[in-house]
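In: Starting from these lines, generate the structure:
(chains A, B and C, ligands or ions: 3)
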Amino acid sequence: MKLVMAVVQDKDSNRLQSALVKSGFKATKLASTGGFLKSGNTTFIIGVDDEKKNELLTVIKKNCQSRDQIITPVSPMGGSTDAYIPQPVEVEVGGATVFILEVAEFKQY
Amino acid sequence: MKLVMAVVQDKDSNRLQSALVKSGFKATKLASTGGFLKSGNTTFIIGVDDEKKNELLTVIKKNCQSRDQIITPVSPMGGSTDAYIPQPVEVEVGGATVFILEVAEFKQY
Amino acid sequence: MKLVMAVVQDKDSNRLQSALVKSGFKATKLASTGGFLKSGNTTFIIGVDDEKKNELLTVIKKNCQSRDQIITPVSPMGGSTDAYIPQPVEVEVGGATVFILEVAEFKQY
Ligand code: NI
Ligand code: NI
Ligand code: NI
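Out: Ligands and ions are numbered 1, 2, ... in the order given. This next block holds a predicted model:
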């Protein structure tokens, strides 16, 4: 058995949770902040049998993978707002940092 | 040495914490939500020497074990409240999901 | 690779986070409470290559080590405030409890 700790962006957190439930994985969410990922993030703790580990990683990758997104800022990043013309910019969002640990023993009471 | 991560229901959290202190175990509580257990839950992180691990598991089991509880809902689960006669119903409460991990190294500063 | 879980006092948390960033370590902070340390505390999760583990531990020790601090209470610890003359007292602050776990597998998406 493995314990999977996945740090994902808040914006992917709800979608990942739904996907985990749909695939039959049981997860606990821990509130977390900063560090591995730029914006606010959530740490998932998921226990998984060895033979289902790859399926779990696929679910995480599919829902959280780092990707580019085109956004149009409503105000300039710096300087004067005079004659500001909003331009779409590409930003990287999402991403997951995943630690997989061996479970020595597992109990359910 | 082992690191014990126990996910328990919020309603058992304070009682478990008191029992851990009384038994001389040092724990850290992490705020967590959903997944393994139906309602809000708390994740305990407890470092324990191998020879005290079973004692710790007994404390967790004793304070958090899943059990039936008789409750009397104050309003019907659905439908009209006309002529509603409260009936006691049995619900399952509590429960603990416990991961035991081997600690490679432990430091205190 | 190792996963380092460090429980430190809130008062050292921001300084440790800055020091980790400056040294190039990526950490996630989890909100946590009580237990290992007297006041509010924070749990850091940090993934680290085996050859950088000692450097990481040095950063944690340097920023969080338990130390004595002289404080002057603004009011007496108990009893009447009549003729209260503030006296500096020595209290212990800081401290870190650090678990180092072996990482079976690491993924970044
Ligand atoms: Ni296993
Ligand atoms: Ni051991
Ligand atoms: Ni390793």
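In: shaky segments in chain A?
Out: By pLDDT under 70, the low-scoring segments of chain A are A:32-39, A:74-82.
In: ok, which residues in it are in contact with chain C?
Out: Within chain A, the residues that sit near chain C (C-beta under 8 Å from any C-beta of the partner chain) are A:2, A:5, A:7, A:30-36, A:41, A:43, A:57, A:60-61, A:64-66, A:95-102. For the C-beta atoms, the positions are set from N, CA and C on the backbone; glycine is no exception.
In: And the strands in chain A?
Out: A:2-9, A:27-33, A:41-48, A:67-71, A:89-93, A:96-102, A:105-108 (DSSP state E).
In: now could you export just the CA positions of the fifth one as CSV?
Out: Backbone C-alpha positions of strand A:89-93 (Å, rounded to 0.1, in the frame of the first residue of the first chain) are rendered in CSV as follows:
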residue,chain,number,x,y,z
VAL,A,89,-1.2,37.2,-22.0
GLU,A,90,-0.2,33.6,-21.5
VAL,A,91,0.2,32.3,-17.9
GLU,A,92,1.0,28.9,-16.6
VAL,A,93,-1.6,27.5,-14.3
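In: Which positions in that strand come out as buried?
Out: Buried residues in strand A:89-93, counting neighbours by 16 or more other C-beta atoms under 10 Å in any protein chain shown, are found at A:V93.
In: where's the closest residue to A:F106 other than its chain neighbours relative to A:I100, distance?
Out: Spatial nearest neighbour of A:F106, chain neighbours left out: A:M1 (5.4 Å); criterion: C-beta to C-beta, 6 or more residues apart in numbering or on different chains. A:M1 is 11 Å from A:I100, where distance means C-beta to C-beta, to the nearest Å.
In: thought A:A31 was touching C:A31?
Out: Yes: counting by C-beta atoms under 8 Å, A:A31 touches C:A31, with 5.3 Å between them.
In: what residues do these two have in common as contacts?
Out: Common contact partners of A:A31 and C:A31 (C-beta atoms under 8 Å, 6 or more residues apart in numbering or on different chains): B:A31.
In: which residues touch the residue nearest the centre of chain A?
Out: In chain A, the residue lying closest to the centroid (C-alpha atoms, centre = their mean) is A:V8, at 2.2 Å. Shown in contact with A:V8 (C-beta under 8 Å, 6+ apart): A:L16, A:L37, A:N41, A:T42, A:F44, A:I60, A:N63, A:C64, A:G94, A:G95, A:A96.
In: what do you get for A:D68?
Out: Counted by C-beta under 8 Å, 6+ apart, A:D68 has contacts A:E90, A:V91, A:E92, A:V93.
In: which one among those residues gets closest to C:F106?
Out: A:E92 (20.1 Å; C-beta to C-beta).
In: For that closest one, give the beta-bridge partners.
Out: For A:E92, the beta-bridge partners are A:D68 (DSSP bridges).
In: So it versus chain B, what's the distance?
Out: 27 Å (C-beta to the nearest C-beta, to the nearest Å).
In: Quick check: residues of chain A near chain B?
Out: Within reach of chain B by C-beta under 8 Å from any C-beta, chain A has these residues: A:3, A:17, A:20, A:26-31, A:45, A:47, A:101-109.
In: re the thing from before, which of the residues of chain A next to chain C count as buried?
Out: A:2, A:5, A:7, A:30-33, A:35-36, A:41, A:43, A:57, A:60-61, A:64, A:95-101.
In: Contacts only, for A:E51.
Out: With C-beta under 8 Å, 6+ apart, A:E51 has no contacts at all.
In: Quickly note the distance from it to C:L30.
Out: Distance, A:E51 to C:L30, by C-beta to C-beta: 29 Å.
In: Please name the nearest non-neighbouring residue to A:L3.
Out: Once flanking residues are discounted, A:L3 sits nearest to A:L101: 4.6 Å by C-beta to C-beta, 6+ apart.
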